[in-house]
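Q: Let's see this in three dimensions:
(one chain, ligands or ions: 1)
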Amino acid sequence: MRATPIVFATCDLCDMYKSDTSDHLRVLPPVFQHYGGLPRFAGPVRTVQCFEDNTLVKQAVDSPGNGAVLVVDGGGSLRKALVGGNLAAAAARNGWAGIVVWGCVRDVAELNAEQVGIRALGLNPMPTEKRNQGQTDIDVQIAGVRVRPGDWLYADADGVVVSAAPIHG
Ligand SMILES: O=C([O-])CC(=O)C(=O)O
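A: Here you go, the predicted model:
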């Protein structure tokens, strides 16, 4: 099942919350490159925390996404790719709206051919080893910003924002 598109603009969301001093709306730092065939995506967050090991990322995208966004806390490693063409295809096929990787991805042409949104720090052609290590659906810090399972994530050409509840119209 493909994810249903949600209409929003991150700039409008930030306009709504510009005077809010709580951390209901959090903006991820502008450190992400844009990949994948969906330039704009949104959905409830699910998380994986791992380091140069994508066992749990594969397990997540091989299961039904139901329109969710997978946030992968890869510790910011630039040394290995946590997602490639196969995992992106699985994510699209299984109804994930997008994947945000605090780390690297590979197979850029294949990523861009899939109907899933992808953000990552960059490309690295080196795959990870599968050591079956990491954690799923825990609170993570992405580039210093807290992201929790069940938050909503909105990504478009202007940036990536996370909110404690859905805020699109
Ligand atoms: O399997 C991996 O480690 C990542 C990859 O290259 C793919 O998803 O195609």
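
Q: Run through who's touching the strand or helix carrying residue 42.
A: Using DSSP states H and E, residue 42 sits within strand 41-49. With contacts defined as CB atoms under 8 Å, 6 or more residues apart in numbering, strand 41-49 is touched by 3, 6, 8, 56-57, 60, 65, 67-73, 96-98, 116-117, 134-140, 147-155, 162, 166, 168. (Glycine included, C-beta is placed from N, CA and C.)

Q: Could you pick out the buried ones from those?
A: The neighbour count (16 or more other CB atoms under 10 Å) marks 3, 6, 8, 56-57, 60, 65, 67-73, 96-98, 116-117, 134, 140, 147, 151-155, 162 as buried among the contacts of strand 41-49.

Q: Could you list which of the contacts of strand 41-49 belong to helices?
A: Within the contacts of strand 41-49, residues falling in helices by DSSP state H are 56-57, 60.

Q: Nearest to the ligand among those?
A: residue 57 (8.2 Å; CB to the nearest ligand atom).

Q: Spell out which parts of the protein neighbour the ligand.
A: 54, 81, 83-87, 106-107, 127-128 (CB under 6 Å from any ligand atom).

Q: Leaving out chain neighbours, which residue sits closest to the residue in the chain that the ligand sits nearest to?
A: As assessed by CB to the nearest ligand atom, the ligand sits closest to residue 84 within the chain, at 2.4 Å. Among residues not flanking residue 84 along the chain, residue 107 sits closest, at 4.2 Å (CB to CB, 6 or more residues apart in numbering).

Q: what about the one you found, how many neighbours?
A: If you count neighbours by other CB atoms under 10 Å, residue 107 ends up with 21.

Q: Model confidence score at it, please.
A: For residue 107, the pLDDT comes out at 98.

Q: Residue 118 too?
A: pLDDT at residue 118 comes out at 98.

Q: can you pull the contacts of it?
A: By CB under 8 Å, 6+ apart, the neighbours of residue 118 are 34-36, 83, 88, 98-101, 105, 111.

Q: now with 6 Å?
A: 35-36, 99, 111 (CB atoms under 6 Å, 6 or more residues apart in numbering).

Q: got a list of what the residue nearest to the spatial centre of the chain touches?
A: Centroid-nearest residue in the chain: residue 100, 2.0 Å away (criterion: CA atoms, centre = their mean). Residues near residue 100 by CB under 6 Å, 6+ apart: 71, 119.

Q: Residue 6 now?
A: Residue 6 touches 42, 168, counting by CB under 6 Å, 6+ apart.

Q: do residue 61 as well
A: Contacts of residue 61 (CB under 6 Å, 6+ apart): 87, 90-91.
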